[in-house]
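Novice: I'll drop the sequence and a predicted model, then ask my questions.
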Amino acid sequence: MIHCKRAYELPTSEDGQRVLVDRLWPRNCRKEALALDDWLPQLAPSTALRREFKGGQLDFAGFRQRYRQELAAHPEHWWPLLERAARGTLTLVYAARDEQQNNARVLAEWLDGELERCAEPSSPACYAGKLLE
């Protein structure tokens, strides 16, 4: 299960593995207060993409599309998170004010899709029924 949580919210026991997925450290947050298991700045959107979105040159749909392209180009960055999510609860920690339109939500959606894709059977015999539909 994958959750998203602002860095400014208190950690709870239900968070499971907590991973900061922002390129920049959240303002006014001490490392101890975040109670992180990891910080993966390479998973964050590129600096250029982040600036375009934050500056208003790009709406959320455009940001989402371009960020997903960046994720697709670097599976080595997000692949380890699939294992963590498959083993238990994973909480993606972010600093953005908007709790719905941010990089962590896009990343969580991406990881959920990849988990589903990995769970599907992959042998040709398993696709036999799907071809008839």
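Specialist: Arrived safely, thanks for sending.

Novice: right, and residue 18 touches residue 37 too?
Specialist: Yes: shown here, residue 18 and residue 37 form a contact pair, counting by CB atoms under 8 Å, at 5.3 Å. Quick note: C-beta positions are derived from backbone N, CA and C, even for glycine.

Novice: how near is residue 42 to residue 102?
Specialist: The gap separating residue 42 from residue 102 is 17 Å, by CB to CB, to the nearest Å.

Novice: look at these two and report which has more neighbours.
Specialist: Neighbours per residue (other CB atoms under 10 Å) separate residue 42 from residue 102, with residue 102 holding more: 23 against 11.

Novice: for the more buried one, what are its contacts?
Specialist: 4, 94, 96 (CB atoms under 8 Å, 6 or more residues apart in numbering).

Novice: helices of this protein, start to end?
Specialist: Secondary structure of the chain (DSSP state H): helices located at 31-34, 47-54, 60-73, 75-87, 103-119, 128-132.

Novice: would TSV of those helices with distance to residue 23, mean pLDDT and mean neighbour count be doable?
Specialist: Formatted as TSV, the helices of the chain follow (distance: least, CB to CB, whole Å; pLDDT from 0 to 100; neighbours: other CB atoms under 10 Å):
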stretch	distance to residue 23	mean pLDDT	mean neighbour count
helix 31-34	15	86	12
helix 47-54	7	95	15
helix 60-73	12	97	15
helix 75-87	12	92	14
helix 103-119	9	92	17
helix 128-132	40	43	8
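
Novice: so for residue 8, which of the ones you listed sits nearest?
Specialist: helix 31-34 (9.3 Å; CB to CB).

Novice: which residues sit against that closest one?
Specialist: 7, 11, 18, 20, 26, 93.

Novice: so the fifth one makes contact with residue 36?
Specialist: No: using CB under 8 Å, residue 26 is not in contact with residue 36; the gap is 10.5 Å.

Novice: before we move on, back to that, from the contacts of helix 31-34, which is closest to residue 78?
Specialist: Distances from residue 78 to those, taken by CB to CB, are shortest for residue 20, at 14.0 Å.
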